[in-house]
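> Sequence and computational prediction follow.
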There are 2 protein chains.
Amino acid sequence: MQLLFRYNWQVRDEWFQLLKRLPEEELIRERVGGIGSFLRTLHHIVDVEQAWILLALQQLPGSHYKFEDYKNLDAIERLSNSCRTEVEKFVNSWSNELEENILDDFTFGEIMRHVIAHEIHHIGQLSVWIRELGFDPASANVIGRGLHSNGKH
Amino acid sequence: MQLLFRYNWQVRDEWFQLLKRLPEEELIRERVGGIGSFLRTLHHIVDVEQAWILLALQQLPGSHYKFEDYKNLDAIERLSNSCRTEVEKFVNSWSNELEENILDDFTFGEIMRHVIAHEIHHIGQLSVWIRELGFDPASANVIGRGLHSNGKH
C-alpha cells in the first residue's frame, strides 16, 4: 500500500521540477483533458489526496483547497509539501486491519487505492501535454526508484 | 494487490467497448504521447502485463507479442482476454511471501506495482486523446466498482 503512495510523491516532485522549466503561460493554458491545465491538474491531485486521507478517512478539520488561492507552481508545490506531511502520517501508520473499515459505501482499502490510481491517471494526462510541448515527461516507472527499501509495500 | 489488477481489467474492458464507437482511422492515427495510437497503446498495455507476470516473474515459455500481429481492436481485445486468463491465475494466487522475491534488481512486490501503475498511466493518456475527439473516457474511479467484494485487496 505505502509503496505506491511513495511512488506518487516521488513522481509528483519530479513533475514540479520539470514544470519549472516551462513558461508561466504554458502552465495556466487551458488544455483538453484532466482538469484543464497543468496547474489545475496538479492542484487537484494534491487536494483530492488530502481530502480523502485527512478529511474523509480521518475526519480531521479542514476543507477543500480552492485553486484560486494556489494559482502558481510554487504555491501548489508548497501546498503539496504541507499536505504530504499530514497524509504521510496516516499512510505510514496504515495496517491491514483498516482495510475493511467503511466510509459511506466504500471500504478504506478501496478508498486508499482510489487515491493512488487517481494521481497516476492524472499524471498520465500531463505526460501527453508535456510531449506536445516537446519535453520528456518524468518517468512513470515504479521499478528503479528504490521504493522497496524500507520494507513497507 | 489484487484489487488494482481487477480495477485495471475492468477499466480496460470499458475502453475496448468505448473504442468500438470510433472509426478505424482514429484508432490507428498517430498521436502525441503514449505509444503513439490507441491501438498501439492498448497492445502495449496487454503485452507489458503478460511479459512481466508470465515471462519474467514466472519464467513461463512465451515472448513479447508484436503489434504487427494484432493491428485491430478485436485482435487486441482477444489477446487481452487470453493473456488475462493466465495472468489472473498468478495475481489471484499472490501472497505476501512473494513480496521480497528478487528478479534482477527488483523485488516481486515492486514489479507487481510497476505493472499496475503502468496501465493506469497509459489509460490516463488515452483519456486525453478521447476527449480531443469529443468523447468521455471510461471512468478512472476505483470506488464504486464493487472491487472489494471478494475480500482480496
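Good, I have the coordinates. Computed from a prediction, not measured in an experiment: that's the story for all the values here.
> How many residues are close by whichever residue of chain A sits closest to chain B?
Nearest residue of chain A to chain B: A:Gly124, at 2.2 Å (C-beta to the nearest C-beta). Where C-beta positions appear, they are placed from N, C-alpha and C, glycine not excepted. Using other C-beta atoms under 10 Å in any protein chain shown, A:Gly124 has 28 neighbouring residues.
> next one: A:Tyr7
By the criterion of other C-beta under 10 Å, A:Tyr7 has 24 neighbours.
> Identify the residue nearest it in space, chain neighbours excluded?
For A:Tyr7, ignoring the flanking residues on the chain, the nearest one in space by C-beta to C-beta, 6 or more residues apart in numbering or on different chains is A:Val142 at 5.3 Å.
> Identify the residues contacting the residue of chain A closest to chain B.
By C-beta atoms under 8 Å, 6 or more residues apart in numbering or on different chains, the contact list for A:Gly124 reads A:Ala140, B:Ile120, B:His121, B:His122, B:Ile123, B:Gly124, B:Gln125, B:Ser127.
> Mind doing that once more with 10 Å?
A:33-34, A:137, A:140, B:33-34, B:117-128, B:140 (C-beta atoms under 10 Å, 6 or more residues apart in numbering or on different chains).
> Over to A:Gln17?
Residues near A:Gln17 by C-beta under 10 Å, 6+ apart: A:Glu77, A:Ala138.
> hang on, it is in a helix, isn't it?
Yes - the assignment for A:Gln17 by DSSP: H, G, I helix; E, B strand; the rest coil puts it in a helix.
> so which strand or helix has the residue of chain A closest to chain B?
A:Gly124 is part of helix A:108-132 when elements are defined by DSSP states H and E.
> which parts of that helix are buried?
A:108-131 (16 or more other C-beta atoms under 10 Å in any protein chain shown).
> now swap in stretch A:45-58 and tell me
In stretch A:45-58, counting by 16+ other C-beta under 10 Å, buried: A:Ile45, A:Val46, A:Asp47, A:Val48, A:Glu49, A:Gln50, A:Ala51, A:Trp52, A:Ile53, A:Leu54, A:Ala56, A:Leu57.
> Next: stretch A:89-107.
A:Phe90, A:Val91, A:Trp94, A:Glu99, A:Phe106, A:Thr107.
> who are the neighbours in contact with the last one?
Spelled out, it's A:Thr107. Per C-beta under 10 Å, 6+ apart, neighbours of A:Thr107: A:Leu98, A:Glu99, A:Glu100, A:Asn101, A:Arg113, B:Leu3, B:Ile143, B:Leu147, B:His148, B:Ser149, B:His153.
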